[in-house]
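Peer 1: need a structure here:
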Amino acid sequence: MNKKWYKAIVVPALAAGLILAPVGNGASAVHAAATPAVQQEKAIGLILNGENMPLNTPIYKVNGVTMAPLQELAEALEATVIAEAKSGIIIIRSDYTTISLEIGSKDALVNGKTVSMGVEAALQHDVAYVPIRFLAETLDATVEWNAEQHAVEVETWDYVSDEEYEQWLEELEELPPLEQLTPTDIVDRYDESVVMITTNNGLGSGIVIGEDLVLTNYHVIEDATSANVHTIYYDDVEVKGVVTWSEYSDLAIIRTEEPLDVTIVEISDDYYASKGDPVVAIGSPLGVQNTVSEGIISNITYEFGVRYIQMNAPIDSGSSGGALFNAYGQLIGINSFAVMETSADLNFAVSAYHAADLMDSVTEEEIENAAFLPPSLPDSLVGVSMKEIEDLLEAEFGTVMTSGGETELTKWKAEKDHEGWLVITAQMDPRFYIYYGVSTADEWRMWAVQLGHELHRMLPDDKIQVRVQFQRDYPFKPRGLAADEVKPKGDGKWRVQYDIIDMQLMDQMYMETRF
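Peer 2: As a prediction, this is how the structure comes out:
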């Protein structure tokens, strides 16, 4: 199970409670720090996405590093900035990125990992400042020095993507007019070209793009050790292996042991796709082979440089890797995922633009040497050390993507207790739990079930307990907790600790959660 075990395009809104305060001119209330030695020189400008951005407080340099007012820069990069007045920690959130830093410290916490900013976050004129390059690049923007204008030039990833998209639309206008097809025409032409893929782990869909080549999602074939392709003519053909893949764009090309005698779908980035256009999806949702649905393009979006086509044509589990056609019979997307439990029909396909790039990169040697990818989890953990179990679980299950954003589990510990149980503990980010615990409870249960399934597979004879814990220190004794859940630490501080998830399993699973 890959650590990116769940994905949804959701931009979380960080709910600020009473303990949170905006970071701005009041930042001095967060932490008192000495003003750094500022290098005086000609005023430095800031160009954001091609436009000069005026700032309320000026950019300055310290030790050769260019510093900008945190709140103004972060908000310009569409991030939320808040501060915990008690702890002095400043939190910046944007999409799947969470940054925690403190005035006077060079280190920041980025999605749970310590990263050096190079110089300390500082106060200037009672305003919090951070290195421009650190903040911008962490939030997926590019930073360049514009010597002519004596300014720092920042371009966000979506601005760059929009420029590329506009250029692509201009190129589309130069394409010759095409004949519009009905959904029936598209099915008549390409129904046989969409196949169902079954693996030893599950099922998905695929698109035939060569006599023995099938395009699908990376997550369909990931961790598979065997697979078969099923056509609408009841042919059942074994898969030889994976030719090439891109985990980044969630695409893979697989090769079958025998040629598939069906119409080949052309992959190209020269296709028509605009909001409001009609589309037809073909795939195998829930294993119902080659189900056809139709809808319109709801939006064209980008996530970290990957172009997605959002549509309301219904898809479901098993549709992954299936085809999305426009009204001209052009392949415009590879159906990939949907946001569940919403009435908005939020369904997404990876743009065929990325599939064309992947196909262009394929070599004859890769086709000849097609093989299944090495699994991310071993067949067995019997006999391995506790440290190896800790490292594996942290790598593969320690980063969790939820509809509330990405978070990390830390302080993994595996040990055998006096009753012979393998007890595994980890800690959830307490801030994430406070902000998003209730809204993401079902996703955490799904995560726990998947973890339990894999642990039982790798350690079939062990009694296993997994405890995901909340732990946080407070300058007061919180009330309403059990006696063993709040303990004095000294210096007037109290530690709160309890299990958020308590999962126990052997042949059956028991689970208790606290959301």
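Peer 1: Now for residue 145, how many residues are close by?
Peer 2: If you count neighbours by other C-beta atoms under 10 Å, residue 145 ends up with 12. Just so you know, the C-beta spots here come from the backbone N, C-alpha and C atoms, and that holds for glycine as well.
Peer 1: Below-threshold pLDDT in the stretch 101-250 of the chain: ranges please.
Peer 2: 161-162, 164-165, 168-169, 171-172, 175 (pLDDT under 70).
Peer 1: Can you identify each of the helices in it by residue range?
Peer 2: 132-138, 157-173, 183-190, 218-221 (DSSP state H, counting those that start in this stretch).
Peer 1: highest average neighbour count across those?
Peer 2: helix 218-221 (a mean of 24; mean count of other C-beta atoms under 10 Å).
Peer 1: who's in contact with that one?
Peer 2: 2, 197, 199, 202, 204-206, 227, 242, 245-247, 249-252, 254, 320-321, 372-373 (C-beta atoms under 8 Å, 6 or more residues apart in numbering).
Peer 1: Report the buried members of these.
Peer 2: 2, 197, 199, 204-206, 227, 242, 245-246, 249-252, 254, 320-321, 372-373 (16 or more other C-beta atoms under 10 Å).
Peer 1: Just the ones in strands from those residues, please.
Peer 2: 197, 199, 204-206, 227, 242, 245-246, 251-252, 254 (DSSP state E).
Peer 1: which among those residues gets closest to residue 337?
Peer 2: residue 204 (11.2 Å; C-beta to C-beta).
Peer 1: Would you quantify the distance from the nearest residue to that closest one once chain neighbours are set aside to residue 317?
Peer 2: In space, and not counting its chain neighbours, residue 204 is closest to residue 220: 3.4 Å by C-beta to C-beta, 6 or more residues apart in numbering. Using C-beta to C-beta, to the nearest Å, one obtains 11 Å as the distance from residue 220 to residue 317.
Peer 1: which residues touch residue 231?
Peer 2: Residue 231 makes contacts with 192, 195, 237, 260, 262, as judged by C-beta under 8 Å, 6+ apart.
Peer 1: redo that, cut-off 6 Å
Peer 2: Contact analysis of residue 231 by C-beta atoms under 6 Å, 6 or more residues apart in numbering lists residue 195.
Peer 1: Quick check: phi and psi at it.
Peer 2: The phi/psi pair for residue 231 (degrees, to the nearest 10) reads phi -100, psi 170.
Peer 1: what about it, distance to residue 284?
Peer 2: Taking C-beta to C-beta, one finds residue 231 at 11 Å from residue 284.
Peer 1: Could you do residue 72 as well?
Peer 2: Taken as C-beta to C-beta, the span from residue 72 to residue 284 is 50 Å.
Peer 1: Those two: which has the busier surroundings?
Peer 2: residue 284 (26 against 18).
Peer 1: Skip the chain neighbours and tell me the closest residue to the more buried one.
Peer 2: Nearest to residue 284 is residue 196, by C-beta to C-beta, 6+ apart, at 4.2 Å.
Peer 1: Quick check: buried residues in stretch 500-515?
Peer 2: So for stretch 500-515, counting by 16+ other C-beta under 10 Å, buried means 500-505, 513.
Peer 1: should've said stretch 406-418
Peer 2: So for stretch 406-418, counting by 16+ other C-beta under 10 Å, buried means 406-409, 412, 414.
Peer 1: Repeat that for stretch 71-80.
Peer 2: 71-74, 76-77, 79-80.
Peer 1: swap in stretch 478-493?
Peer 2: Applying 16+ other C-beta under 10 Å to stretch 478-493 flags residue 486 as buried.
Peer 1: And for stretch 258-266?
Peer 2: Here stretch 258-266 shows 260, 262, 265 as buried, counting by 16+ other C-beta under 10 Å.
Peer 1: again, but for stretch 56-65
Peer 2: Within stretch 56-65, judged by 16+ other C-beta under 10 Å, the buried ones are 59-60, 62, 65.
Peer 1: With pLDDT as extra columns, can I get those in JSON lines?
Peer 2: As requested, the buried residues of stretch 56-65 are exported to JSON lines (pLDDT from 0 to 100):
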{"residue": "59", "pLDDT": "93"}
{"residue": "60", "pLDDT": "92"}
{"residue": "62", "pLDDT": "88"}
{"residue": "65", "pLDDT": "92"}
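Peer 1: so of the residues you listed, which ones are in strands?
Peer 2: 60, 62, 65.
Peer 1: What's the end-to-end length of stretch 42-57?
Peer 2: In stretch 42-57, first residue to last residue: 15 Å (C-alpha to C-alpha, to the nearest Å).
Peer 1: Repeat that for stretch 366-386.
Peer 2: 38 Å.
Peer 1: and if you look at stretch 124-136?
Peer 2: With C-alpha to C-alpha, one end of stretch 124-136 sits 19 Å from the other.
Peer 1: Pull out the buried residues from whatever helix or strand residue 435 lives in.
Peer 2: Using DSSP states H and E, residue 435 falls within helix 430-436. For helix 430-436, the neighbour count (16+ other C-beta under 10 Å) marks 430-433, 435-436 as buried.
Peer 1: try stretch 313-328
Peer 2: So stretch 313-328, judged by 16+ other C-beta under 10 Å, has buried residues 313, 315-316, 318-328.
Peer 1: what's in contact with that stretch?
Peer 2: 178, 180, 186, 194, 203-207, 216-217, 220, 272, 277-287, 293-295, 331-333, 335-336, 338, 347, 349.
Peer 1: quick one: least confident helix or strand in this structure?
Peer 2: The helix or strand of the chain with the lowest confidence, counting by mean pLDDT, DSSP states H and E, is strand 20-22 at a mean of 36.
Peer 1: thinking again about what came up before, find out how far the helix holding residue 435 is from the centre of the chain, if you would.
Peer 2: Computed by C-alpha atoms, centre = their mean, to the nearest Å, the chain-centroid distance of helix 430-436 equals 18 Å.
Peer 1: Go through the next helix or strand after it and flag the buried ones.
Peer 2: As assigned by DSSP H and E, the chain's next helix or strand after helix 430-436 is helix 441-458. Neighbour-count burial for helix 441-458, counted by 16+ other C-beta under 10 Å, picks out 441, 443-444, 447-448, 451-452, 454-456, 458.
Peer 1: For residue 280, give me its contacts.
Peer 2: 183, 186, 294, 325.
Peer 1: Name the nearest of those residues relative to residue 105.
Peer 2: residue 325 (52.8 Å).
Peer 1: three-state assignment of the closest one?
Peer 2: Three-state assignment for residue 325 (DSSP: H, G, I helix; E, B strand; the rest coil): strand.
Peer 1: Model confidence for it, exactly?
Peer 2: pLDDT recorded at residue 325 is 97.
Peer 1: now swap in residue 446 and tell me
Peer 2: Taking residue 446 on its own, its pLDDT is 88.
Peer 1: ok so, going back, pipe the ones in strands among the buried residues of stretch 56-65 into TSV and attach distance to residue 398 per row.
Peer 2: Listed next are those as TSV, based on distance: C-beta to C-beta, whole Å:
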residue	distance to residue 398
60	38
62	35
65	31
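Peer 1: Closest one of the residues you listed to residue 140?
Peer 2: residue 65 (20.1 Å).
Peer 1: In contact with the closest one, which residues are there?
Peer 2: By C-beta under 6 Å, 6+ apart, the neighbours of residue 65 are 118-119, 131.
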